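Colleague: Output the structure for:
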Amino acid sequence: MIVSKLKSYKEIKSKLKKSDEVGLISCNACARMCGTGGLKVMEKFAKLLEKDGFNIVDKDLIGTPCDFDQLNKSQLHGNVQVVFACDAGIHNLKKIFPKHKIVSATNTLGVGAYDHKGNISVVRKFK
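Modeller: Purely as a prediction, here's the structure:
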């Protein structure tokens, strides 16, 4: 699995304007397992952003945004996408939707493993 770390809310928010129409996209695989994506994280950030006056126009939970075919079927709403996925998902979104501003909500750390107690260990860091 790919291990990622969530950026701070402040950092994510600083990349947005109140006039933006914001879509949220979240990985439901590796990022969910790391606690940096999935439905719960996406909903939490949607509530925070709405509370701060941002216009959330779409929320899209995608199995694996790193799979080009899963993204290719999606239609994005809004002009800015906040993405809870690894760098591979970000790369695909930028390639498929070049007119959208893509804001990464995570930092990709490396390849990891999940142990029997539910702990995640990075076994190879990315440079």
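Colleague: Test my guess that Val57 contacts Asp20.
Modeller: No. Val57 is beyond contact range of Asp20, at 9.2 Å (criterion: CB atoms under 8 Å). To be clear about C-beta, it is placed using only N, CA and C from the backbone, and glycine gets the same treatment.
Colleague: Roughly how far does the residue most central in space within the chain sit from Leu49?
Modeller: For the chain, Phe84 is the residue whose C-alpha lies nearest the centre (CA atoms, centre = their mean; 1.2 Å). The spacing between Phe84 and Leu49, counted by CB to CB, to the nearest Å, is 12 Å.
Colleague: The lowest-mean-pLDDT helix or strand in the chain - contacts with which helices or strands?
Modeller: Taking mean pLDDT, DSSP states H and E as the measure, the chain has helix 68-72 as its least confident helix or strand, at a mean of 82. Other elements packing on helix 68-72 under the criterion 3 or more CB pairs under 8 Å, 6 or more residues apart in numbering; DSSP states H and E are helix 87-96.
Colleague: Cool, thanks, signing off.
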